[in-house]
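# sharing a model prediction with you, sequence too.
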Amino acid sequence: MKKLTLALASVSVLGLSACVTQEQADEKMFTGCKAAIAAMIEPRTIKEVKTTTAEDEKTMGSVYRRVKVTYVENDDFAESELQGSCLFSQQWGMFKSSHAAMLEQVVYNNQLIGKKDGNIEGDMNSFMKLNEKVDAAMGSN
């Protein structure tokens, strides 16, 4: 009986220590959003990220996570501070043991690529390429 109790306690401790927090998930999505924005502004580059914020957003009948990135853009002539945002859907494992995020849309310079009101806005091939870059940046396969 003691072995069973010890085994259950060990599994519980391991399960709880493997929990993913929303802050950890946000960091992963910030990395993905930065990659998406960088892809959209090519050949210009992101010189520096000033601030990042994330908040829940109810849209398309579900709750998503809106990630905003304020950054300094460098185009070899001048620097300017701009903001872009990404909308992610999130999936959590049991007891928040894992987290997966899927890019739904990217907004930069009043351009939207991705899903809006259930429809794909912008070029589908561009959206698929953005998803590949975001997945690679976030470490997803």
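Done, it's in.

# from here on, contacts and neighbour counts on C-alpha atoms
Fine.

# and the residue nearest to residue 19 when sequence neighbours are not counted, how many residues sit next to it?
Distances taken as C-alpha to C-alpha, 6 or more residues apart in numbering place residue 97 nearest to residue 19, at 4.5 Å, with adjacent residues excluded. Taking other C-alpha atoms under 10 Å as the criterion, the count of residues near residue 97 is 15.

# next: residue 77.
Counted with other C-alpha under 10 Å, residues neighbouring residue 77 total 5.

# double-check that it belongs to a strand.
No. Per DSSP: H, G, I helix; E, B strand; the rest coil, residue 77 lies outside any strand segment and is coil.

# mind checking the end-to-end distance for stretch 33-49?
Length of stretch 33-49, first residue to last, C-alpha to C-alpha, to the nearest Å: 11 Å.

# gap between residue 58 and residue 79?
Residue 58 is 34 Å from residue 79, by C-alpha to C-alpha.

# contacts only, for residue 100.
With contact taken as C-alpha atoms under 8 Å, 6 or more residues apart in numbering, residue 100 is in contact with 90, 91, 92.

# then stretch 99-111 to PDB, C-alphas only?
Output in PDB follows, covering the C-alpha atoms of stretch 99-111 (Å, rounded to 0.1, in the frame of the first residue of the first chain):
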ATOM      1  CA  HIS A  99       0.500  23.800 -24.800                       C
ATOM      2  CA  ALA A 100       0.200  24.200 -28.600                       C
ATOM      3  CA  ALA A 101      -0.600  27.500 -30.400                       C
ATOM      4  CA  MET A 102      -1.700  27.900 -34.000                       C
ATOM      5  CA  LEU A 103      -1.400  31.100 -35.900                       C
ATOM      6  CA  GLU A 104      -4.800  32.500 -37.000                       C
ATOM      7  CA  GLN A 105      -3.800  35.900 -38.300                       C
ATOM      8  CA  VAL A 106      -1.100  38.500 -38.500                       C
ATOM      9  CA  VAL A 107      -1.700  42.300 -38.700                       C
ATOM     10  CA  TYR A 108       1.100  44.600 -39.800                       C
ATOM     11  CA  ASN A 109       0.900  48.100 -41.300                       C
ATOM     12  CA  ASN A 110      -2.900  47.800 -41.700                       C
ATOM     13  CA  GLN A 111      -2.400  44.500 -43.700                       C
END
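
# no further queries at this time; thank you.
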